[in-house]
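J.: Pasting the sequence and the predicted coordinates here, then a few questions.
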Amino acid sequence: MARLVPFRALRPTPEAAPQVAAVPYDVVNTDEARALAAGHPLSFLHVSRAEIDLPPGTDPHADAVYAQAVQNFAFLKARAPLVVEEDASLYVYQLQMDRHVQTGVAACFSLDEYESDRIRKHEKTRRDKEDDRTRHILDLRAQTGPVFLTYRASAAVDAVVDRTGGVGATHASPLPLFDFTAVDGVRHAVWKVDPADHRDLIAAFEAVRSLYIADGHHRAASAARVRQILGGKGATGEWDTFLAVAFPDSQMQVLPYNRVVPDLGTHTRPGLLAILAERFAIRDGPAAPTRRGEVAVFLGDHWRTVDLGTPASGLSAADRLDVSRLQDLVLGPLLGIGDVRTDTRIGFVGGASGTTELERLVTSGQAAVAFSMYPVSVDDLMAISDAGGIMPPKSTWFEPKLRDGLLSHVL
């Protein structure tokens, strides 16, 4: 079962929400965060990436950065302002990107279930990233960005969500706490669930067999570490749970996570093309693969489709993914790319940037070759997670993304 816990959210006022809401801390680097927050003193990036308010070149993990985050958090609480709900509640959080709409439930979720793998993972975490978010939570005494969860769609959950609000609501819904469109064109709307519906929603989630982390593995792992520091397993404090928004799998949108390589290693462009043509079926275009097993390659001035062929029998579900096979058949043996977690000769571009960004990187000389991938499915993620497997790094790009700062969980 999945345990759903109401919480007293720390949130901006409706008028301040568009100014406070910020992209997740881990989808931008320091320079990008600084540019996005410039001229926006209420942006939550001043809290989640506080190094942007310190001199350029400051180590993002320096003591001064966490001290600045605490100072900026206090500023936001006073000036936005941020307010704490009087009563613990559950929330409905809806995202709309063009015609795509997905509606999730924002709540606190059980760290016991996370640690016992009833909340399933598909990625390994890095200790340095865990250290960063663990200290961020401890110093702020708050979880300030939600984990992105998914689950197999439930009619019982849908029934309660539809009573609350959003596109697809079955009747006139209450006014949302927030309803605004961010600069990237994504609409964010949040409603409080009627207290009379809490019991039904909690019961509906108790019938959900498993939850799956789609995005936010480091946030969840850091919350678990904070619990050990503050109270230990079995403690009854707020640290027993972590903040997340759970969306039904039927509404999830997964975009590809594309690859770029800055050089061709020992190969010339014609030489690499000749080797690819020897090993795979190749044809011209298009920029985006049309099916699983195909990878689009931008090398020179146009796109070519490389057919990776049928996976060998006996491969695990994770090894059959296109990102794994590209690594095993091309990036490793031909371009000398080793462990993609640590190799500096590979870059990753989220699918929201589109294939034009891949073309720009190659034509500008910042990359020598780009690989456009076919997206991994949510079914793949669930199957691999259920089997206890680990997906390759940078396999999935979920879009649209939640915004930090709208709902925080105070410890």
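T.: Noted; the coordinates are in hand.
J.: Packing partners of the longest strand along the chain?
T.: The longest strand of the chain (DSSP state E) is strand 100-110. For strand 100-110, the helices and strands in contact under the criterion 3 or more Cβ pairs under 8 Å, 6 or more residues apart in numbering; DSSP states H and E are strand 4-5, strand 91-97, strand 147-151, helix 155-164, strand 241-248. C-beta here means a position set from N, CA and C on the backbone, and glycine is covered the same way.
J.: Pull out the buried positions in the fourth one.
T.: Across helix 155-164, burial judged by 16 or more other Cβ atoms under 10 Å covers 157-158, 160-164.
J.: what separates it from the chain centre, distance-wise?
T.: Offset of helix 155-164 from its chain centre (Cα atoms, centre = their mean, to the nearest Å): 24 Å.
J.: partner strands of the helix or strand that that helix is followed by, parallel or antiparallel?
T.: Proceeding N to C from helix 155-164, the next assigned helix or strand is strand 178-181, under DSSP states H and E. Strand pairing for strand 178-181, determined by DSSP bridges: strand 187-192 (antiparallel).
J.: Near Gln143, how many other residues are there?
T.: Around Gln143 sit 29 other residues, with neighbours defined as other Cβ atoms under 10 Å.
J.: How about the one 3 residues further on?
T.: Using other Cβ under 10 Å, Pro146 is surrounded by 28 other residues.
J.: Tell me, what's the model's pLDDT at it?
T.: Reported pLDDT at Pro146 in the predicted model: 97.
J.: wait, what's in contact with it?
T.: By Cβ atoms under 8 Å, 6 or more residues apart in numbering, the contact list for Pro146 reads 106, 216, 219, 243-245, 402, 407.
J.: one more time with 10 Å, if that's ok
T.: The contact partners of Pro146, by Cβ atoms under 10 Å, 6 or more residues apart in numbering, come to 24, 93, 104, 106-109, 215-216, 219, 242-246, 402-404, 406-409.
J.: next one: Ser324
T.: Taking Cβ under 10 Å, 6+ apart as the criterion, Ser324 is in contact with 311, 315-318, 391-392, 395.
J.: Please apply the same query to Ala67.
T.: Contact partners of Ala67, counting by Cβ under 10 Å, 6+ apart, are 50, 54, 139.
J.: can we see that at 7 Å?
T.: Contacts here follow Cβ atoms under 7 Å, 6 or more residues apart in numbering; on that basis Ala67 touches nothing.
J.: Tell me which helix or strand it sits in.
T.: For Ala67, the secondary-structure element it belongs to, assigned by DSSP H and E, is helix 63-79.
J.: hmm, back to that, kindly reformat the buried residues of helix 155-164 as JSON lines containing pLDDT.
T.: What follows is those, written out as JSON lines (pLDDT from 0 to 100):
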{"residue": "Val157", "pLDDT": "96"}
{"residue": "Asp158", "pLDDT": "94"}
{"residue": "Val160", "pLDDT": "93"}
{"residue": "Val161", "pLDDT": "94"}
{"residue": "Asp162", "pLDDT": "90"}
{"residue": "Arg163", "pLDDT": "88"}
{"residue": "Thr164", "pLDDT": "86"}
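J.: And for the spatially most central residue of the chain, nearest residue in space, chain neighbours not counted?
T.: When the chain is reduced to its mean C-alpha position, the closest residue under Cα atoms, centre = their mean turns out to be Asp215, at 3.5 Å. Beyond its immediate neighbours in the sequence, the residue positioned closest to Asp215 (Cβ to Cβ, 6 or more residues apart in numbering) is Phe148, lying 3.9 Å away.
J.: ok, back up a step: ok, of the contacts of Ser324, which one's closest to Leu361?
T.: Out of those, the one with the shortest distance to Leu361 is Ser395. That distance is 20.0 Å, counting by Cβ to Cβ.
J.: That closest one contacts Leu255, correct?
T.: No. Applying Cβ atoms under 7 Å as the test, Ser395 and Leu255 come out as separate, 11.3 Å apart.
J.: Hmm, Val340 and Pro393 touching each other?
T.: Yes. Distance between Pro393 and Val340: 5.4 Å, which falls inside the contact criterion (Cβ under 7 Å).
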